[in-house]
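>>> 3D model of this:
(one chain, ligands or ions: 1)
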Amino acid sequence: MYNPKEITDNVFYVGVNDRTKHLFENLWPLPYGVSYNSYLITDEKTVLMDTVDVCYADVFLKKIGDVLDGRALDFLVVNHMEPDHAGSIRLLRQQYPDIRIIGNSKTFDMLKGYHGITEGLHEVKDGDTLSTGRHELQFHAAPMVHWPEVMLTYDATDRILFSADAFGSFGTLDGGVIDEEMNIEHYWDEMIRYYSNIVGKYGNPVQRALQKLGCLDIETICPLHGPVWRTCREKTVALYDRLSRYEGEAGVVIAYGSMYGHTEQMAEVIASALAENGVRNIVMHNVSKSHASVIIRDIFKYRGVIIGSPTYSNQLYPEIESLLGKIRIREVKDRLFGYFGSFTWAGAAVKRLAAFGEEMKWETVGTPAEQKQAMTPGSHDACHALGKAMADQLTIDNYTNN
Ligand code: FEO
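Below is the predicted model:
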């Protein structure tokens with residue numbers, strides 16, 4: 001028998017933990033796993049908020065059955081159709097054939113395409129409401145807060161926001177469900193990694209959604225991944241606001257490729273110069289070792305970005321080229337940019353990094369350092385000057401953590 005966690009009176013957590021999958025979306029590592037959250041309201045009418053990845057349908061349906069304890073399931077609200085949340089809808093419908101599915105026209109197009117479901121639907125538009133007895137649910141369109149059909153559902157009675165992917169985090173729920181009953185320290189970085197890699201491209205839609213939410217009185221945020229936010233709800237919203245405005249904090253991420261260590265030595269000198277000049281948050285990533293999702297997380301996190309690459313077949317080092325592609329897709333804005341590179345007989349990397357900075361409309365800081373073969377006193381000084389220039393610019397812009 002499942003012992004359900006009650007979020008508020010008659011609002012239960014019925015989600016599941018995934019500690020099996022290695023890669024979310026078959027792309028993003030899950031060192032702490034991931035949870036697929038779902039919530040069940042047992043009012044005069046019973047309402048389920050989203051489902052879970054189909055791999056966990058069995059345990060999920062068992063949890064729902066335990067909470068319902070013989071009652072019918074009246075409604076399913078589909079806030080998001082991505083299969084990590086909508087994957088169990090067909091099986092849920094088989095178990096509860098009379099359930100009415102609430103969504104918008106875009107939801108229903110996807111519901112037909114993924115599950116062949118076209119009947120028993122209840123279409124809502126932005127601002128529509130539904131009374132379930134004690135609870136009053138409001139549906140708010142939040143297009144492109146990951147996918148175009150996304151809705152946020154606000155329970156005006158208990159002041160709960162069911163927020164779809166928004167405010168979600170990687171990391172399973174290891175016993176506790178609500179932030180106030182957990183040690184949540186490791187979730188913050190995992191929330192930034194989730195946001196930057198999964199939702200990061202959609203900063204403007206997230207800003208529009210946050211403005212819409214500004215007029216709601218929210219006590220509890222129930223996202224589709226990670227902890228339920230109550231004590232830390234304001235910190236969570238502030239973090240999303242900052243990330244979706246692409247506002248970096250004081251600090252510098254240095255991402256470099258290096259085949260034989262010469263470009264890496266340049267990175268080390270730059271990092272030392274940053275430290276000597278007062279920068280405390282310095283994160284270095286060897287792109288051949290750090291996973292791109294972690295580098296992207298740190299690029300969203302910090303205001304300063306310094307990228308270094310050897311020249312490789314008259315191009316950028318392939319892993320650097322791949323990283324630049326991921327930054328480009330996410331349209332990361334407003335970074336201080338420094339760059340450096342090395343070559344053996346003909347340099348191409350520095351020129352290509354310059355073009356990338358221009359394309360991103362990032363503010364170039366300092367003079368790019370370029371090194372032929374091994375380090376010389378000249379290339380050492382150029383790297384040192386680049387690090388110092390970045391530190392100085394952070395100070396001028398008032399980015400002092402120090
Ligand atoms: Fe967690 Fe966009 O799905």
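>>> switch to C-alpha atoms for all contacts and neighbour counts from now on
Fine.
>>> Thr172 against Gly33, yeah?
Yes - look at Thr172 against Gly33 with CA atoms under 8 Å: they come within range, at 5.2 Å.
>>> Looking at the two, which is more packed in?
Each of Thr172 and Gly33 has its neighbours counted (other CA atoms under 10 Å); Thr172 has more, 24 against 19.
>>> For burial, what's the neighbour tally of the residue of the stretch 151-300 of the chain found nearest the ligand?
Distances between the stretch 151-300 of the chain and the ligand by CA to the nearest ligand atom are smallest at Asp165, namely 5.2 Å. Burial of Asp165 is recorded as 27 neighbouring residues (other CA under 10 Å).
>>> likewise Met110?
Around Met110 there are 17 residues (other CA under 10 Å).
>>> Ok, Glu234 next?
By other CA under 10 Å, the residues close to Glu234 number 15.
>>> Point me to the helix or strand that includes it.
Using DSSP states H and E, Glu234 sits within helix 233-244.
>>> Can you list the buried residues in that helix?
When burial is assessed from 16 or more other CA atoms under 10 Å, helix 233-244 yields the following buried residues: 233, 236-237, 239-244.
>>> I'd like the average pLDDT over the helix ranked longest in the chain.
The longest helix of the chain (DSSP state H) is helix 377-396. Over the span of helix 377-396, the pLDDT mean works out to 98.
>>> Can I get it in CSV? Just the C-alpha atoms.
Extracted in CSV, the C-alpha atoms of helix 377-396 (Å, rounded to 0.1, in the frame of the first residue of the first chain):
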residue,chain,number,x,y,z
PRO,A,377,57.0,34.5,-22.8
GLY,A,378,55.0,36.5,-25.3
SER,A,379,52.0,34.1,-25.4
HIS,A,380,52.2,33.8,-21.6
ASP,A,381,51.9,37.6,-21.2
ALA,A,382,49.1,37.7,-23.8
CYS,A,383,47.1,35.1,-21.8
HIS,A,384,47.8,36.9,-18.5
ALA,A,385,46.6,40.2,-20.1
LEU,A,386,43.4,38.5,-21.3
GLY,A,387,42.6,37.2,-17.9
LYS,A,388,43.3,40.6,-16.3
ALA,A,389,41.1,42.4,-18.9
MET,A,390,38.2,40.1,-18.1
ALA,A,391,38.6,40.6,-14.3
ASP,A,392,38.8,44.4,-14.8
GLN,A,393,35.7,44.4,-17.0
LEU,A,394,33.7,42.4,-14.4
THR,A,395,34.7,45.0,-11.8
ILE,A,396,33.8,47.9,-14.1
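>>> Report how many residues lie close to Thr344.
12.
>>> And the residue of the stretch 251-400 of the chain closest to the ligand?
Arg330 (15.2 Å).
>>> Please tell me I have it right and that residue contacts Lys201.
Yes - Arg330 sits in contact with Lys201 when judged by CA under 8 Å, with a separation of 4.0 Å.
>>> Could you check which of the two is surrounded by more residues?
Taking neighbours as other CA under 10 Å, Arg330 and Lys201 compare with Lys201 leading, 22 against 18.
>>> Where does that one sit: helix, strand or coil?
helix (DSSP: H, G, I helix; E, B strand; the rest coil).
>>> Test my guess that it contacts Lys326.
No - with contact defined as CA under 8 Å, Lys201 does not reach Lys326; the gap is 10.0 Å.
>>> What distance do you get for Pro223 to Leu152?
Distance of Pro223 to Leu152, computed by CA to CA, to the nearest Å: 10 Å.
>>> Please say which of those two ends up with more neighbours.
For the pair Pro223 and Leu152, the greater number of neighbours falls to Leu152 (26 against 23), based on other CA under 10 Å.
>>> From the contact counts, what lies against the helix or strand that that one is a member of?
Element membership for Leu152, per DSSP H and E: strand 151-155. For strand 151-155, the packing partners by 3 or more CA pairs under 8 Å, 6 or more residues apart in numbering; DSSP states H and E come out as strand 136-141, strand 160-162.
>>> Name the stretch among those that sits most buried.
Each of the helices and strands packed on strand 151-155 was scored by mean neighbour count; the highest is strand 160-162, a mean of 24, by mean count of other CA atoms under 10 Å.
>>> That one: partners in the sheet, and parallel or antiparallel?
Strand 160-162 pairs in its sheet with strand 151-155 (antiparallel), strand 220-222 (parallel), by DSSP bridges.
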